[in-house]
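A.B. asks: Task: produce atomic coordinates for the following.
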Amino acid sequence: MKTLRVVAILAISGIFGLTSCSKKGDDVVPAPTQTTPTTSTPPSTTTTPGQSTTQTTSGFSTKVDGKDFIPDLVYAKVVAPGNDGYYAIYGLDSKTSDVVMIALPYSALVGTHKLSYVNFGALSLGNGSDSFSTRVQPGDGTVTITKMTTTDVEGTFSFTAYSDKGVKRTLTEGKFNVPFK
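C.D. replies: Numbering: from 1, shown residues only. Here you go, the predicted model:
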């Protein structure tokens, strides 16, 4: 029950973080992700005479029990709410309020990290009443950080998460390229 509460708090904190008010000049809102599934997210290139610039598109996608989950709001938070020493990667579908989150300690940099009680993945469906986490049971999974800068983080993930009632959800083919907020 305590784990469910922690996951719900993290999901709700993420939602409040996305909807908090600020002056327009202070807003740091990530670009919306693509709304159609793709096998890869190639960088978009803008070329001007005498100059070439490559820009990478923000995105987050996964399959939850085989169904596409492509949230419209994505970001990484330098300090995960309620977890000092952690950063978190979020994908939020604003239409359904479904959230996928991966929380990692600051020591988890570029490389592959096993998800468990310490490094964990979570899924919150709808209003937070259905929550699944790798912390409830030692669900298996990994997150691979392929790129990390002071402004963004990129990688892949897959994991199996459980509710406190033992219901299992499997997230596969996960990928993200999100800005830190």
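
A.B. asks: contacts for the helix or strand containing residue 142?
C.D. replies: Assigned by DSSP states H and E, residue 142 belongs to strand 141-148. Strand 141-148 is contacted by residues 102, 104, 108-115, 119, 121, 134, 153-161, 171, 174, 177 when judged by C-beta atoms under 8 Å, 6 or more residues apart in numbering. Quick note: C-beta positions are derived from backbone N, CA and C, even for glycine.

A.B. asks: Can you flag the buried ones in these?
C.D. replies: 102, 104, 108, 113, 115, 119, 121, 134, 153-155, 157-161, 171, 174, 177 (16 or more other C-beta atoms under 10 Å).

A.B. asks: In strands only, show me those residues.
C.D. replies: Assignment to strands by DSSP state E places the following of the buried ones among the contacts of strand 141-148 there: 102, 104, 113, 121, 153-155, 157-161, 171, 174, 177.

A.B. asks: List just the nearest of those residues to residue 73.
C.D. replies: Proximity of those to residue 73 was ranked by C-beta to C-beta; the top entry is residue 177 with 14.0 Å.

A.B. asks: which ones are touching the closest one?
C.D. replies: Contact analysis of residue 177 by C-beta under 8 Å, 6+ apart lists 41, 56-60, 147, 152-154.

A.B. asks: Bridge partners for it, pull those for me.
C.D. replies: Beta-bridge pairing of residue 177 under DSSP bridges involves residue 59, residue 154.

A.B. asks: Look up how far residue 88 lies from it.
C.D. replies: With the distance defined as C-beta to C-beta, to the nearest Å, residue 177 ends up 15 Å from residue 88.

A.B. asks: what does residue 166 give?
C.D. replies: As defined by C-beta to C-beta, residue 166 lies at a distance of 25 Å from residue 88.

A.B. asks: More neighbours: the two, which one.
C.D. replies: residue 88 (22 against 8; other C-beta atoms under 10 Å).
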